[in-house]
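>>> build me a model from this:
(chains A and B)
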There are 2 protein chains.
Amino acid sequence: MKTYSRPRVAIVGATGAVGSTMLSILEERNFPATDVRLIASSRSAGKITGTRWGDVEVEDLETADPAGVDIALFSAGGARSKVYAPRFVEAGATVIDNSSAFRMDDDVPLVVANVNDDAVAENQGIIANPNCTTMTIMMAAGPLHRAAGMRTMIATSYQSVSGSGKTGMDQLQREIEHFMGDLDGLVSGGWKDPGGDLYARPIGYNVLPLAGSITDVGYTDEEWKLVNETRKILRRDSIAVEPTCVRVPVMVGHGIAASMWFDRAVDLDEAVAVLGGAPGVQLWDDTNVPTPLDSAGIDDVLIGRLRETVGHLGGVSLFAIGDNLRKGAALNAVELAELLLI
Amino acid sequence: MKTYSRPRVAIVGATGAVGSTMLSILEERNFPATDVRLIASSRSAGKITGTRWGDVEVEDLETADPAGVDIALFSAGGARSKVYAPRFVEAGATVIDNSSAFRMDDDVPLVVANVNDDAVAENQGIIANPNCTTMTIMMAAGPLHRAAGMRTMIATSYQSVSGSGKTGMDQLQREIEHFMGDLDGLVSGGWKDPGGDLYARPIGYNVLPLAGSITDVGYTDEEWKLVNETRKILRRDSIAVEPTCVRVPVMVGHGIAASMWFDRAVDLDEAVAVLGGAPGVQLWDDTNVPTPLDSAGIDDVLIGRLRETVGHLGGVSLFAIGDNLRKGAALNAVELAELLLI
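Next up, the predicted model:
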């Protein structure tokens, strides 16, 4: 793999919710870039953004020349990644791609920093950033799998609207304003539709048991990501994953309730020792239950409600929460970029 | 058991969120009461409420004489049920109690109408209404258990704030108003605490992976209800239940994501046939995913996202939603009262 000491960095999709977080995380972490290029759609091109590397004019992705870029952080959607990421690789860059475009490709490592860092070395130009929900639960599942070998994971998500970008946050806010004058309607069922077609059903004061689109045998693409990415990241195709992905009226922070069983019984003491010592994780005890609001704006994934299973014994249940814009997306991408530094 | 043709009815806890719903459901369903007495704490005593049975003055529970009451619907909290329900039974009434006070007593049937109606006949004066979350998922689990014998249920809840009564709805509303002026804080983590001690953490724009209080081995009382009440209602102590109870910023409507396995494999066709024909249930297909907002104000429990499991094969996963004030509480109590009619 290519490594860098003072790389030239480009952010593709720089003006989106994840892209702008990528920039601020590069700044916060004093990433040793010589310069940072900001690339987005033609709509944002020409906009000037102040950065640690000086004022930067946003470039149009369609016309931007990838020559000279060492590390390109892509968060511009799968369709754009499919077209432009190979062009950046051809021009010599290593691409860290936040979309689902290449995640399951055999020659593309899928990496959660602090979980399977060694896989980065297998890259042939593209490294994939996992799905935000998968990423968060992997911060708990990875260390436990390494200790005891994961066999089964039942994962049920509570995904914030910023998983759909700024559009999701705007939609939630509009719906909250729409519904808050009609509390009686929320109770009686006489509520009026808030409009908008971002989600299949309203999300304000509601829960939508559908994240992503239904694809195969009744599961959404988002749910299949949990199944397939978990197996790839943990390098065990036999893990039985039962996924349910649900959108909740939260701005930032994806939560996942998970029950896990392993090759052998794992008791609470062992789980506390493993997760209490895991990098990038804060283990909170039951006097202090973590919530999405607590995860917003921080790098660590919060784990709470850790307990032994009571149905089929020998497993553990827990609730993991991560800022989906940070660890779930932008932070992990920057952490992967750091793994390319010498 | 005692049966009635034209019973005299009392609602104890008549001014609460569930109690007032009990009254309106008795009215909607033309319950053949000769009269209805409304009983509450001294705070509400003396208040006049218009009903189908004329204007009724709210009586003080401490001084109300239970004589003459045939059916008493209790929803005044476990502590009051423990003291007053036996007094009503002694005075000749059959008590249908919505609290957890007697649910696990051997001589008290725990009944979900349309699931285990026959258990009503075992009552010795008190019939218990199950927990609202358990009730909702039992509307799906009961018919499937009868068809194939349930072995395992992993249940993860999305519980609305009206599960904590009117106080819960007021608290959510206050917090939504508090947070909605501070969207940047919700994203950056710089939000300010909204105050209030109803819940351990904020609930507005948030998800609280803790419903009820932690009791034993890391599980909340609410989670133990799901374990123990499921086993009692389905009459099978060996069912392995893995519960996680979570509060969400929704006014009315409890959702439960559940994966279930049985004595034998159940495929999608069979699950559709069983649940499509189950009384009190609406099975929605994937073109029309049900949400808590859809459940508000209606009697049926909505079931969506029905699919075969993809991890450990042979089971089914689904999402069930019920109006926690109606089927989750008041409606079921009235349905149980109807089972006492001749």
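
>>> can you show me the CA trace of stretch A:228-236 as PDB?
Written as PDB, here are the backbone C-alpha positions of stretch A:228-236 (Å, rounded to 0.1, in the frame of the first residue of the first chain):
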ATOM      1  CA  ASN A 228     -22.600  -8.600   5.100                       C
ATOM      2  CA  GLU A 229     -20.300  -5.900   6.500                       C
ATOM      3  CA  THR A 230     -20.300  -7.500   9.900                       C
ATOM      4  CA  ARG A 231     -19.100 -10.800   8.400                       C
ATOM      5  CA  LYS A 232     -16.400  -9.100   6.300                       C
ATOM      6  CA  ILE A 233     -15.100  -6.800   9.000                       C
ATOM      7  CA  LEU A 234     -14.900  -9.700  11.600                       C
ATOM      8  CA  ARG A 235     -13.600 -12.100   8.900                       C
ATOM      9  CA  ARG A 236     -16.100 -14.800   9.700                       C
END
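
>>> tell me which residues in that stretch are buried?
Using 16 or more other C-beta atoms under 10 Å in any protein chain shown as the test for burial, stretch A:228-236 gives A:228, A:229, A:230, A:231, A:232, A:233, A:234. C-beta: built from backbone N, CA, C; applies to glycine.

>>> for the stretch 1-150 of chain A, what spans make up the helices?
Assigned by DSSP state H, counting those that start in this stretch, the stretch 1-150 of chain A shows helices spanning A:17-28, A:78-90, A:132-148.

>>> which one of those helices lies nearest to chain B?
Ranking these by proximity to chain B (C-beta to the nearest C-beta) places helix A:17-28 first, at 8.6 Å.

>>> which secondary structure elements does that closest one sit against?
With contacts taken as 3 or more C-beta pairs under 8 Å, 6 or more residues apart in numbering or on different chains; DSSP states H and E, helix A:17-28 sits against strand A:8-12, strand A:35-40, strand A:48-51, helix A:331-338.

>>> what angle do the second one and helix A:78-90 make?
Think strand A:35-40. Orientation check (axes from the mean of the first three to the mean of the last three C-alpha atoms, to 10 degrees): strand A:35-40 against helix A:78-90 gives 150 degrees.

>>> residues of the stretch 51-200 of chain A that sit close to chain B?
Taking C-beta under 8 Å from any C-beta of the partner chain as the contact definition, the stretch 51-200 of chain A meets chain B at A:152-154, A:156, A:158, A:162, A:169, A:173, A:176-177, A:180, A:183, A:186-191, A:200.

>>> buried ones only from those, please, as a PyMOL command.
Remark: buried members of these, expressed as a PyMOL selection using 16+ other C-beta under 10 Å:
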select buried, chain A and resi 152+153+154+156+158+162+169+173+176+183+186+187+189+191+200
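
>>> quick one: contacts for residue A:248?
By C-beta atoms under 8 Å, 6 or more residues apart in numbering or on different chains, the contact list for residue A:248 reads A:158, A:159, A:160, A:203, A:207, A:208, A:255, B:158, B:207, B:248, B:249.

>>> pull the most distant pair out of those.
Spatial extent of the contacts of residue A:248 (C-beta to C-beta) is set by the pair A:203 and A:255 at 15.4 Å.

>>> how close does the nearest residue to residue A:129 once chain neighbours are set aside get to residue B:62?
Of all residues not flanking residue A:129 in the chain, residue A:98 sits nearest, at 4.4 Å (C-beta to C-beta, 6 or more residues apart in numbering or on different chains). From residue A:98 over to residue B:62 the distance is 63 Å, taken as C-beta to C-beta, to the nearest Å.

>>> so between the two, which is more surrounded?
Between residue A:98 and residue B:62, residue A:98 has the larger neighbour count (other C-beta atoms under 10 Å in any protein chain shown), namely 29 against 12.

>>> if I look at the nearest residue to residue A:37 once chain neighbours are set aside, what pLDDT would I see?
Spatial nearest neighbour of residue A:37, excluding adjacent residues (C-beta to C-beta, 6+ apart): residue A:10 at 4.2 Å. Here, the pLDDT recorded for residue A:10 equals 98.

>>> quick one: secondary structure of the closest residue to residue A:214 other than its chain neighbours?
Excluding the flanking residues, the one nearest residue A:214 by C-beta to C-beta, 6+ apart is residue B:286, at 4.9 Å. What DSSP: H, G, I helix; E, B strand; the rest coil gives for residue B:286 is coil.
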